[in-house]
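[1] Have a look at this fold, sequence not included:
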């Protein structure tokens, strides 16, 4: 079963613009993670935010977490062609035995 | 940089045949996961190992799928017999134990069942 739902399903923007993706989930979590998957490649971890954190930055990435709304957002600033990929949120639910439950992903296309 | 290794990268088989996938996690990672990913969807957990023990295989179709991690290091996922609906990407991931459970993924095995 999938706990996370990303929104939008697909996003196409011009290079240099910012991209925002959202994730909603259903149960209480220990942490929420964002991963990127390029075409034909495996998943790569981007950033982890714990349930007691509200915002986290890593380079051009900014993640927010609102546990009261059970939602998170991923902002990619100054997008580049290499950011073209699918982005997944994954939640580590409380009492989950360190399992991650994944959303269906947002497909991001950066146009040159 | 240490990586998760998987083989083969691609496998084409006919239905009713047996297939096997291999995964070698990052050294020292006690937890190993096998996922199935259908195109356009997120990964779905099939089985989770902690060292050589199965922690969760509730989503593994046990009538045809089996997984083992005999020495707590590398792992094999087997399908016998393969069905058309098994066509998917099979991903292996590993992580350190504990609350910090960033998962490191291998490149996956793309299975096509004809």
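    Here it is on my side, so go on. Values in this document were obtained by computation on a predicted structure and should not be read as measured data.

[2] Can you list the strands that the strand or helix carrying residue B:89 pairs with?
    For residue B:89, the host element (DSSP states H and E) is strand B:88-95. The strands that strand B:88-95 pairs with in its sheet are strand B:31-37 (antiparallel), strand B:104-105 (antiparallel), strand B:109-113 (antiparallel) (by DSSP bridges).

[3] Export those as a markdown table, with columns for mean neighbour count and mean pLDDT.
    No exception for glycine: its C-beta is placed from N, CA and C like everyone else's. Output for the strands paired with strand B:88-95, formatted as a markdown table (neighbours: other CB atoms under 10 Å in any protein chain shown; pLDDT from 0 to 100):
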| stretch | mean neighbour count | mean pLDDT |
| --- | --- | --- |
| strand B:31-37 | 24 | 95 |
| strand B:104-105 | 21 | 94 |
| strand B:109-113 | 19 | 96 |
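
[4] Not counting stretch A:43-59 itself, show me its contacts.
    A:28-38, A:61-67, A:72, A:74, A:87-88, B:43, B:91, B:93, B:100, B:102-105 (CB atoms under 8 Å, 6 or more residues apart in numbering or on different chains).

[5] What's the PyMOL syntax to select whichever of those residues are buried?
    The buried residues among these can be selected in PyMOL (16 or more other CB atoms under 10 Å in any protein chain shown) with this line:
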select buried, (chain A and resi 29+30+31+32+33+34+35+36+37+61+62+63+64+65+72+74+87+88) or (chain B and resi 43+91+93+102+103+104+105)
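
[6] Name the residues of chain A found near chain B, please.
    For chain A, the residues in contact with chain B under the definition CB under 8 Å from any CB of the partner chain are A:2, A:4, A:30-31, A:33, A:41-45, A:48, A:88, A:90, A:92, A:97-105.

[7] Which of the residues you listed fall within strands?
    Using DSSP state E, the subset of the residues of chain A next to chain B located in strands is A:30-31, A:33, A:43-45, A:48, A:88, A:90, A:92, A:101-102.

[8] Report the secondary structure state of whichever residue of chain B sits closest to chain A.
    Using CB to the nearest CB, the single residue of chain B nearest to chain A is residue B:42, 3.4 Å away. With DSSP: H, G, I helix; E, B strand; the rest coil as the basis, residue B:42 sits in coil.

[9] If you drop the residues flanking it in sequence, what lies closest to it?
    Nearest-residue entry for residue B:42: residue A:102, 3.4 Å, with adjacent residues in sequence omitted and distances by CB to CB, 6 or more residues apart in numbering or on different chains.
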